[in-house]
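**Student:** Quick one, fold the following:
(one chain, ligands or ions: 3)
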Amino acid sequence: MMPISYSRSLLFWLTISVHSRLRVPTMTVRTQLRTLFACLILFLAVVVALGNDSSDHSPVDFFRKYLRIRTAHPNPDYSSAISLLSAEARAIGLQSKVLEFVPGKPLLLVTWHGRDPSLPSLLLNSHLDSVPAEPQHWVHPPFAAHKDETGRIFARGAQDDKCIAIQFLEAFRNLKASGFSPLRTIHVSYVPDEEIGGVDGAKKFVGSKEFEEMNVGFALDEGQASVNDEFRVFYADRLPWRLIVKAVGSPAHGSRMFDGMAMENLLETMEVIAKFRKCQFDKVKAGEKPASEVVSVNPVYLKAGTPSPTGFVMNMQPSEAEAGFDLRIPPSEDPDLFKKRISEEWVPSSRNLSYKLFEHGPLRDNRGRPLLTATDETNPWWSVFKQAITDAGGKLAKPEILATTTDARFLRQMGIPTLGFSPMSNTPILLHEHNEYLEETVFMRGIKIYEVVISALSSFGE
Ligand SMILES: CSCC[C@H](NC=O)C(=O)O
Ligand SMILES: [Zn+2]
Ligand SMILES: [Zn+2]
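**Tutor:** Ligands and ions are numbered 1, 2, ... in the order given. Sure, this is the predicted structure:
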């Protein structure tokens, strides 16, 4: 696009030149008409250039616009998000298409065709949805995208992960403007439902014909903020397991002490799990292992008995008691051995206990390997990525396992090397917390980082 100052001066020059030429008395009428016609054409070209002028596009404003779209659960507004992103893709001159594997759960795919479409492509993935926010605990409303006087942009999704969604497109815009043309095709996917397990989003996507045709060779997905000046990068996720334990026993008068009541059975399980949890957490506290390399287990709900706010109707011992746990299993753990621990130590059937385990994702890739992306010379994509961060003036921290879980596991399941990376340095880690924010300078620097990273990865093999 033509810079506005340049287009304006051209317009100014044209006006002067038309004006002076038409006043030359020696010009024939024909020459005058020809000159007028040529000037008219030039004038129209300038008007078009001015109309297309991108210099009034503000990446920060665009980011804030996206943050104002309520894509938080339980009712994410996916269609508004997709309208905004696809309109932007169109403005940049890129194709996009909407895939809907499950009604009401659309996925947007933006594609920048490479010069050699036969080469495996690059995929940049981000999710459209966010976790809910409790506005009463926020200093600024979570969907207003308020920017304070220091440049902090407050919104649910500011870090997780609407920043990268916009940075991908802004990097494309800048690369296009610089005349860059990728060797490999680059895809950006905006997927629904990551925060609730990705079953109707990334999981369906990687199993689709459309995905197969994309021939993805390497992918980047979301990462997490870093509190120092190094960027964090993730080569694996912990597996998200959910455990529901149910205890049963005889109901009884609240005054009676007897063996085998439902609450006692459940509490015993809670104690065993608490002991295991302490053991894992102690390793973290002692600095033996990072938090993402131990098994975490946390109770997330309890259900038993009938609450009585007045304190009067509290003389019944319940016949059923239930607890739910969030478990995260690092790739170093043997899942089968761990399942044995659950069935034999945590929830022995001898104590009138039963359980359900939800695994929420693959344990191994399509060739039976653990879901890890190599971060050494065996993975050439890693070397290109690492070098690009250095070239962009950034520092990279030692690669880590992500303590939480992302859609990257579905990509790794397909055997696609995938790194988790969100360029946010010197930023507190605020995903899923109150007052999630991102500083505009950090956001803007991220665009520059992606420009270098995307151009390097999409040129790999040149
Ligand atoms: C069951 S998969 C859940 C995925 C979710 N992702 C981000 O927070 C998480 O809890 O880590
Ligand atoms: Zn996320
Ligand atoms: Zn999240």
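**Student:** If Asn125 is in a bridge, with which residues?
**Tutor:** Ser189 (DSSP bridges).
**Student:** Show the pLDDT at it.
**Tutor:** On pLDDT, Asn125 comes in at 98.
**Student:** The one 3 residues further on now?
**Tutor:** Taken from the predicted model, the pLDDT recorded for Leu128 is 98.
**Student:** Quick check: the closest residue to Asp129 other than its chain neighbours vs Pro182, distance?
**Tutor:** Leaving out its chain neighbours, the residue that sits closest to Asp129 by CB to CB, 6 or more residues apart in numbering is Pro76, at 4.6 Å. Every C-beta, even on glycine, is put in place using the N, C-alpha and C of the backbone. Pro76 sits 31 Å away from Pro182, taking CB to CB, to the nearest Å as the criterion.
**Student:** Also Leu371?
**Tutor:** For Leu371, the distance to Pro182 equals 28 Å [CB to CB].
**Student:** what's the answer for Gly368, then?
**Tutor:** Counting by CB to CB - Gly368 and Pro182 are separated by 33 Å.
**Student:** which of those two has more neighbours?
**Tutor:** Between Gly368 and Pro182, Pro182 has the larger neighbour count (other CB atoms under 10 Å), namely 22 against 7.
**Student:** how about the nearest residue to the more buried one, chain neighbours excluded?
**Tutor:** Spatially, and ignoring its direct neighbours in sequence, Pro182 is nearest to Ser458 (3.8 Å; CB to CB, 6+ apart).
**Student:** For the one you found, the count of nearby residues, please.
**Tutor:** Neighbours around Ser458, by other CB under 10 Å: 25.
**Student:** and it, what does it touch?
**Tutor:** Contact analysis of Ser458 by CB atoms under 8 Å, 6 or more residues apart in numbering lists 114, 122, 182-186.
**Student:** which SSE is it in?
**Tutor:** In this structure, Ser458 sits in helix 440-459 according to DSSP states H and E.
**Student:** That helix: which residues count as buried?
**Tutor:** Burial within helix 440-459, assessed by neighbour count using 16 or more other CB atoms under 10 Å, is assigned to 440, 442-443, 445-459.
**Student:** Disregarding flanking residues, what is the spatial nearest neighbour of Ile249?
**Tutor:** Actually, residue 249 is Gly rather than Ile. Ala262 (3.7 Å).
**Student:** Quickly note the distance from that neighbour to Ala274.
**Tutor:** Counting by CB to CB, the gap from Ala262 to Ala274 is 18 Å.
**Student:** Between these two, which is the more surrounded one?
**Tutor:** With neighbours defined as other CB under 10 Å, Ala262 and Ala274 compare such that Ala262 has more, 24 against 13.
**Student:** Rebuild the contacts of Ser458 as a markdown table, extending it with distance to Val294, pLDDT and secondary structure.
**Tutor:** Below are the contacts of Ser458 laid out as a markdown table (distance: CB to CB, whole Å; pLDDT from 0 to 100; DSSP: H, G, I helix; E, B strand; the rest coil):
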| residue | distance to Val294 | pLDDT | secondary structure |
| --- | --- | --- | --- |
| Gly114 | 42 | 98 | coil |
| Leu122 | 33 | 98 | strand |
| Pro182 | 40 | 98 | coil |
| Leu183 | 42 | 98 | coil |
| Arg184 | 38 | 98 | coil |
| Thr185 | 40 | 98 | coil |
| Ile186 | 37 | 98 | strand |
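**Student:** How about the residues of the stretch 1-150 of the chain by ligand 2?
**Tutor:** Residues of the stretch 1-150 of the chain found near ligand 2 (CB under 5 Å from the ion): none.
**Student:** one more time with 8 Å, if that's ok
**Tutor:** The stretch 1-150 of the chain comes close to ligand 2 at residues His127, as judged by CB under 8 Å from the ion.
**Student:** Relative to Asp77, how far out is the closest residue to ligand 1 within the stretch 1-150 of the chain?
**Tutor:** Nearest residue of the stretch 1-150 of the chain to ligand 1: Val131, at 6.9 Å (CB to the nearest ligand atom). Separation of Val131 from Asp77 (CB to CB) stands at 15 Å.
**Student:** same check, this time on Gly197
**Tutor:** 20 Å.
**Student:** who's more crowded, these two?
**Tutor:** Per other CB under 10 Å, whichever of Gly197 and Asp77 has more neighbours is Gly197, with 17 against 14.
**Student:** Quick one: residues contacting Ser349.
**Tutor:** Ser343.
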